[in-house]
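Peer 1: A predicted structure for the sequence below; I have some questions about it.
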Amino acid sequence: MSGLSTPILVAVFLLASAATWVAGIGLSSTTDELDNRLGLGAALGGMILLAIAGSLPEIAITVTAAGQGHLGLAAGNLIGGIAIQTLVLVVCDAVASRDQPLTFLVGSLVPVVEGLTVVFVVGLVLLGALLPASSAIGPLSPASIAIVVTWLGLLWVLNHVQRDPRWEVVMPGAQPGRPDRSVREEQHPARHAGRPLAVVVGLFAAGCVVTLIGGYLLESGGNVLADRAGVNGVIFGATVLALATALPELSSGIAAVRVGDHQLATGDIFGGNAFQVCLFLVADLVAGRPVLPTAGILNSWLGGLGIVLTVIYLIGVIVRPKRCLLRLGIDSILVVIVFVLGSIGLTALPT
């Protein structure tokens with residue numbers, strides 16, 4: 001990559017982004033069908049399949065960056081990506097309805113549990129970043145292990161809440177849609193319903209391969225472009241690179257709200273964000289040493305920003321603002337304002 005000219009690198013980056021977008025649409029539809037055919041639904045297997053499918057670009061970038069020693073870029077993409085992917089809900093809010101905010105339509109407290117999972121694991125990330133590298137267990141940070149164990153435990157809790165809720169909530173005017181992809185309704189398109197299971201699996205695998213290759217090209221080309229532009233690797237990973245890798249979540253989120261699956265759209269974003277930081281365990285293994293201790297002050301700021309944006313939407317789901325301004329609920333407007341202010345604050349921090 002370093003031998004290519006800057007215009008060619010930009011073209012490669014844009015083509016890889018486009019491929020990731022198209023593959024994300026394919027992964028969303030095939031995951032939908034696989035959940036339906038295999039009966040995964042809200043079970044642990046279904047949640048894990050959805051989380052991994054949506055995080056394939058981050059997996060490719062994490063492995064590539066950690067393997068090449070670009071630990072700041074890997075950490076910035078994983079932590080900063082949470083804030084960027086939460087912004088996808090702003091787009092979903094604009095698409096969902098002209099008059100009613102997305103958080104008004106959600107009509108369930110399950111996304112609150114999913115969002116609190118994000119807050120929990122990102123909090124562990126911030127704590128783990130304070131640990132010295134000498135506290136490692138082999139090549140692994142204790143925090144990386146704790147994040148994965150906690151995520152699995154909270155996944156079990158979420159599955160239990162979905163299967164056997166212990167409360168009843170009445171939300172007049174809500175339009176939650178399907179609680180998960182396993183629930184097939186007539187108004188939801190079944191793009192692969194007439195195809196054999198082997199074909200659906202093949203299409204899913206092809207989408208995975210395209211996404212992984214796209215992620216590799218995004219990391220390799222993006223790192224060279226960042227060096228040539230003199231941009232800090234953490235900032236580049238948390239902004240431009242994170243935006244490119246959020247394309248699958250953007251395409252699946254828009255598709256969900258267009259058919260009325262408002263609860264599913266929010267759940268996909270929060271679920272992907274919670275799984276994403278589990279990739280620090282993968283980064284540790286590939287790098288051969290803990291990555292979290294190298295996160296630094298910029299990533300700590302980004303992690304805190306991701307928590308704040310998530311909490312704003314959680315409050316929105318509970319409070320349920322009724323009206324839109326410029327097609328957005330007040331919570332989405334606040335998220336945009338806080339993100340802009342947080343980005344300005346990021347530039348004021350020492351690198």
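Peer 2: Great, that's in hand. Numbering: from 1, shown residues only.
Peer 1: would you list every one of the helices in the stretch 251-351 of the chain?
Peer 2: Assigned by DSSP state H, counting those that start in this stretch, the stretch 251-351 of the chain shows helices spanning 262-276, 279-287, 296-319, 330-348.
Peer 1: Give me the buried stretch members for the longest one, please.
Peer 2: By neighbour count, and taking 16 or more other Cβ atoms under 10 Å as the criterion, the buried residues in helix 296-319 are 296, 298-310, 312-317. Where you see a C-beta, it was placed from the backbone N, CA and C, and this is true even at glycine.
Peer 1: relative orientation of it and helix 330-348 in degrees?
Peer 2: Between helix 296-319 and helix 330-348, the angle comes out at 170 degrees (axes from the mean of the first three to the mean of the last three Cα atoms, to 10 degrees).
Peer 1: Contact partners for the spatially closest residue to Trp167 that is not a sequence neighbour?
Peer 2: Leaving aside its chain neighbours, Trp167 sits nearest to Leu109 (7.4 Å; criterion: Cβ to Cβ, 6 or more residues apart in numbering). Taking Cβ atoms under 8 Å, 6 or more residues apart in numbering, we find Leu109 in contact with Trp167, Val169, Val317, Ile318.
Peer 1: Just flag the most distant two among those.
Peer 2: The span of those, defined through Cβ to Cβ, is set by Trp167 and Val317 at 14.3 Å.
Peer 1: Between the helices of the stretch 251-351 of the chain, which one is closest to Glu219.
Peer 2: Closest approach to Glu219 among the helices of the stretch 251-351 of the chain (Cβ to Cβ): helix 279-287, 12.2 Å.
Peer 1: who's in contact with that closest one?
Peer 2: So helix 279-287 is contacted by 55, 58-59, 62-63, 65-67, 69, 71, 74-75, 78, 125, 128, 139-141, 143-145, 147-148, 290-292 (Cβ under 8 Å, 6+ apart).
Peer 1: Among the residues you listed, which lie within strands?
Peer 2: Residues of the contacts of helix 279-287 located in strands (DSSP state E): none.
Peer 1: What's the ChimeraX syntax to select whichever of those are buried?
Peer 2: Here is the ChimeraX selection string for the buried members of the contacts of helix 279-287, based on 16+ other Cβ under 10 Å:
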select :55,58,59,62,63,65,66,71,74,75,78,125,128,139,140,141,143,144,147,148,290,291,292
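Peer 1: Number of residues surrounding Pro196?
Peer 2: Close neighbours of Pro196, defined as other Cβ atoms under 10 Å, add up to 9.
Peer 1: any chance of the helices of the stretch 251-351 of the chain in JSON lines, with distance to Gly215 too?
Peer 2: Supplementary listing: the helices of the stretch 251-351 of the chain in JSON lines, determined by distance: least, Cβ to Cβ, whole Å:
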{"stretch": "helix 262-276", "distance to Gly215": "13"}
{"stretch": "helix 279-287", "distance to Gly215": "12"}
{"stretch": "helix 296-319", "distance to Gly215": "20"}
{"stretch": "helix 330-348", "distance to Gly215": "23"}
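Peer 1: Lowest mean pLDDT across these, which one is that?
Peer 2: For the helices of the stretch 251-351 of the chain, mean pLDDT drops lowest on helix 262-276, to a mean of 86.
Peer 1: Output the contacting helices and strands for it.
Peer 2: When contacts are defined as 3 or more Cβ pairs under 8 Å, 6 or more residues apart in numbering; DSSP states H and E, helix 262-276 sits against helix 44-54, helix 71-86, helix 88-96, helix 102-106, helix 110-128, helix 142-163, helix 247-258, helix 296-319.
Peer 1: Tabulate those helices (JSON lines), appending distance to Leu38.
Peer 2: As requested, those are exported to JSON lines (distance: least, Cβ to Cβ, whole Å):
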{"stretch": "helix 44-54", "distance to Leu38": "8"}
{"stretch": "helix 71-86", "distance to Leu38": "26"}
{"stretch": "helix 88-96", "distance to Leu38": "27"}
{"stretch": "helix 102-106", "distance to Leu38": "27"}
{"stretch": "helix 110-128", "distance to Leu38": "22"}
{"stretch": "helix 142-163", "distance to Leu38": "16"}
{"stretch": "helix 247-258", "distance to Leu38": "19"}
{"stretch": "helix 296-319", "distance to Leu38": "30"}
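Peer 1: Can you tell me which of these is nearest to Leu4?
Peer 2: Short answer: helix 71-86, nearest of those by Cβ to Cβ, at 18.4 Å.
Peer 1: Just the angle for the closest one relative to helix 296-319, thanks.
Peer 2: 20 degrees.
Peer 1: What separation do you get for Ala129 and Ser220?
Peer 2: 26 Å (Cβ to Cβ, to the nearest Å).
Peer 1: where does the nearest residue to Leu71 once chain neighbours are set aside land on pLDDT?
Peer 2: Using Cβ to Cβ, 6+ apart and skipping residues adjacent in sequence, the residue nearest Leu71 is Thr294, 4.6 Å away. Looking at Thr294, its pLDDT reads 86.
Peer 1: which residues of the stretch 51-200 of the chain score low on pLDDT?
Peer 2: 51, 178-193 (pLDDT under 70).
Peer 1: switch the cut-off to 90
Peer 2: 51-81, 84-85, 96-99, 107-111, 133-134, 136, 154-200 (pLDDT under 90).
Peer 1: Measure how far stretch 225-242 is from the centre of its chain, please.
Peer 2: Per Cα atoms, centre = their mean, to the nearest Å, the displacement of stretch 225-242 from the mean C-alpha position of its chain is 19 Å.
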